[in-house]
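Need a 3D model of the following:
(one chain, ligands or ions: 2)
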Amino acid sequence: MSLITELDSRAGKLGVPLSAHLDVTYRCNERCVHCYLPHDDRGEMTTAEIVDLLDQLADAGVFFLTISGGEPFLRRDLFEILAHARARTFNIKLKTNAILIREGEAESLRRFNLDSIQISIYSHRPEVHDAITKVKGSLERSIAAIRFLKSRGFKVTIANVIMRYNRHDYPGVQALAAELGAIFTIDPTITPHIEGDRGILALNVSRADLEEIFHTESLVGNLEEFCAPPVAVDDDVLDSVSCSAGHTLAYISPYGDVFPCVQFPLPSGNVRKQKFLDIWRDSPQLREVRSIHARDLEGCSECGHVGSCTRCPGLAYREGNMRGPSMADCEKSFARTGIPSRNMLRKAAFSVPLVQIEEWRSTASGAGLAEDDFGGGKDRENVLSC
Ligand code: SF4
Ligand code: SF4
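Ligands and ions are numbered 1, 2, ... in the order given. Below is the predicted model:
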């Protein structure tokens, strides 16, 4: 068990929100085809509200703080927010597309002693990356920013979301990350739009591509371990919880809405109406999330994969039932092991096609994503995110 997993486990037992993800804006200067956010400003928290929220988070016990968006550099007060976060001694991770980071910004960021900066790169080829962000020149600008940041000693992570448009480019992005001295992570999950539209799921890679990714040693580490058959299901497995969402992790939107995780849009309160700690302790929604163990999951509790599945309750919620399976994770378990999940077999029995990602038809033009943050409490150590 890693130190962070151990810390997370202890925080969970004590009811401490160890990690928080704060989106300071949903506005963005890119228009990524797979994005799950609306980009208009519907009344973002003011600087004073965010400073007060940071104080509340620190007092509640938050240590790991992710600041993201939208594009956080679109907030003129970003450095003020970072300065206050630094004063409250958070471990700060910043997520950005970096196209507004030039030499001056990279230098200015040094005083905040950030843990790391995560930057999304979709391809090493400008024609692919820029087509996904819909901003000409964006790859060139993001790469320039990474060079500025690396020259000033920052730990930079390149996050490579894989979709149909760029499914063959991850080796190029991986090589680019190595050349730039950045950490490389890959995420093959497209998330439905936060307002419910599932059309962008048509961008998901095919089952064959997912299998290829999950059987590439440079991406997943020890292949034998990663693709091993599911572990035996015992009481420890059935008593476990899916991830840290709502247990030690909270997400706060630019409007003060609190959710269990950025991927889990279950409204649980608003810090403009209640103190964060009151929401964290007493929100009926968060209490319900915390009450769910593997043995309570409809379908999953009888599935052989339950002990090793990356089941995301947020995706399950978006699919209609936070106590049910997440089909996206059924596909991942199948791609890893070649063994169909109980949910897949049940759907097959009712003649529902197994590959949901092949069946969905795009109904949306697409807008912007943000993938997950703290690895979700999953103890899987490789370049694949939660
Ligand atoms: S593979 Fe599917 S049914 Fe099985 S535990 Fe994972 S999400 Fe649940
Ligand atoms: S599995 Fe990861 S992304 Fe999904 S709700 Fe849990 S922490 Fe969030």
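
Quick check: residues of the stretch 201-350 of the chain near ligand 1?
299-300, 303, 305-306, 309, 311, 325-326, 329-330, 333, 341-343 (C-beta under 6 Å from any ligand atom). For the C-beta atoms, the positions are set from N, CA and C on the backbone; glycine is no exception.

so how far is stretch 41-58 off the chain centroid?
21 Å (C-alpha atoms, centre = their mean, to the nearest Å).

Contacts for the host helix or strand of residue 140 next, please.
Applying DSSP states H and E as the criterion places residue 140 in helix 138-151. Identification of contacts with helix 138-151 by C-beta atoms under 8 Å, 6 or more residues apart in numbering yields 30, 97-99, 101-103, 105-106, 109, 117, 119-121, 123-126, 129-130, 133, 156, 158, 176, 180-182.

Same question for stretch 33-49.
Residues contacting stretch 33-49 (C-beta under 8 Å, 6+ apart): 24-28, 31, 53, 70, 75, 77, 80-81, 131-132, 134, 161, 163, 165, 190-195, 200, 203, 254-256, 271-272, 366-370.

if we go to 7 Å?
25-28, 53, 70, 77, 80, 132, 161, 163, 190-195, 200, 203, 254-256, 366-370 (C-beta atoms under 7 Å, 6 or more residues apart in numbering).

And the helices in the stretch 101-250 of the chain?
103-109, 126-133, 138-151, 170-180, 207-214, 217-220, 223-226, 235-238 (DSSP state H, counting those that start in this stretch).

could I get those helices as a markdown table with mean neighbour count and mean pLDDT?
A markdown table is the format used below for the helices of the stretch 101-250 of the chain (neighbours: other C-beta atoms under 10 Å; pLDDT from 0 to 100):
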| stretch | mean neighbour count | mean pLDDT |
| --- | --- | --- |
| helix 103-109 | 15 | 97 |
| helix 126-133 | 19 | 98 |
| helix 138-151 | 20 | 98 |
| helix 170-180 | 17 | 98 |
| helix 207-214 | 18 | 95 |
| helix 217-220 | 16 | 92 |
| helix 223-226 | 13 | 94 |
| helix 235-238 | 12 | 95 |
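
and of the ones you listed, who's closest to residue 87?
Of all the helices of the stretch 101-250 of the chain, helix 103-109 sits nearest to residue 87, with 15.5 Å by C-beta to C-beta.

Keeping just the C-alphas, turn the closest one into PDB.
Extracted C-alpha coordinates of helix 103-109, given in PDB (Å, rounded to 0.1, in the frame of the first residue of the first chain):
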ATOM      1  CA  GLU A 103       7.900  32.800 -19.700                       C
ATOM      2  CA  GLY A 104       6.600  35.500 -17.300                       C
ATOM      3  CA  GLU A 105       3.700  33.300 -16.000                       C
ATOM      4  CA  ALA A 106       6.100  30.300 -15.600                       C
ATOM      5  CA  GLU A 107       8.400  32.500 -13.500                       C
ATOM      6  CA  SER A 108       5.500  33.900 -11.500                       C
ATOM      7  CA  LEU A 109       4.100  30.500 -10.700                       C
END
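
Quick check: which helices or strands does that helix pack against?
Here helix 103-109 touches helix 138-151, going by 3 or more C-beta pairs under 7 Å, 6 or more residues apart in numbering; DSSP states H and E.

Could you check the angle the helix it packs on makes with helix 170-180?
Interaxial angle, helix 138-151 versus helix 170-180 (axes from the mean of the first three to the mean of the last three C-alpha atoms, to 10 degrees): 40 degrees.

Can you classify residue 258 as helix, strand or coil?
Secondary structure state of residue 258, per DSSP: H, G, I helix; E, B strand; the rest coil, is strand.

so where is the stretch 251-386 of the chain shaky, pLDDT-wise?
350-386 (pLDDT under 70).

Please, where are all the helices along it?
Under DSSP H, counting those that start in this stretch, the stretch 251-386 of the chain gives helices at 276-282, 284-291, 313-318, 327-337, 342-349, 356-359.

And the strands in this protein?
Using DSSP state E, the strands found in the chain span residues 19-23, 64-68, 91-96, 116-120, 156-161, 183-187, 249-252, 258-259.

what's the most buried one of the ones you listed?
strand 249-252 (a mean of 28; mean count of other C-beta atoms under 10 Å).

which outside residues touch that strand?
17, 19-22, 53, 258-262, 271, 280, 374.

Which members of the residues you listed define the maximum pairwise distance?
Largest pairwise distance in the contacts of strand 249-252, by C-beta to C-beta, is 19.9 Å, between 271 and 374.

Quick check: the nearest residue to residue 164 once chain neighbours are set aside vs ligand 1, distance?
Nearest non-adjacent residue to residue 164, counting by C-beta to C-beta, 6 or more residues apart in numbering: residue 203, 5.5 Å away. Applying C-beta to the nearest ligand atom, to the nearest Å, the value for residue 203 to ligand 1 is 21 Å.

Contact partners for residue 203?
For residue 203, counting by C-beta under 7 Å, 6+ apart, the contacting residues are 33-34, 163-164, 190.

cool, and residue 13?
Contacts of residue 13 (C-beta under 7 Å, 6+ apart): none.

Model confidence score at it, please.
On the pLDDT scale, residue 13 is placed at 92.

Use 40 as the first number for this chain going forward.
Sure thing, new numbering starts at 40, so read that last one as residue 52.

Looking at the stretch 190-339 of the chain, what residue ends up closest to ligand 1?
The minimum distance from the stretch 190-339 of the chain to ligand 1, using C-beta to the nearest ligand atom, falls at residue 339 (3.2 Å).

give me the number of residues near the residue lying closest to residue 281 once chain neighbours are set aside?
The shortest distance from residue 281 to any non-neighbouring residue, by C-beta to C-beta, 6+ apart, is to residue 352 (4.7 Å). When neighbours are defined as other C-beta atoms under 10 Å, residue 352 has 27 of them.
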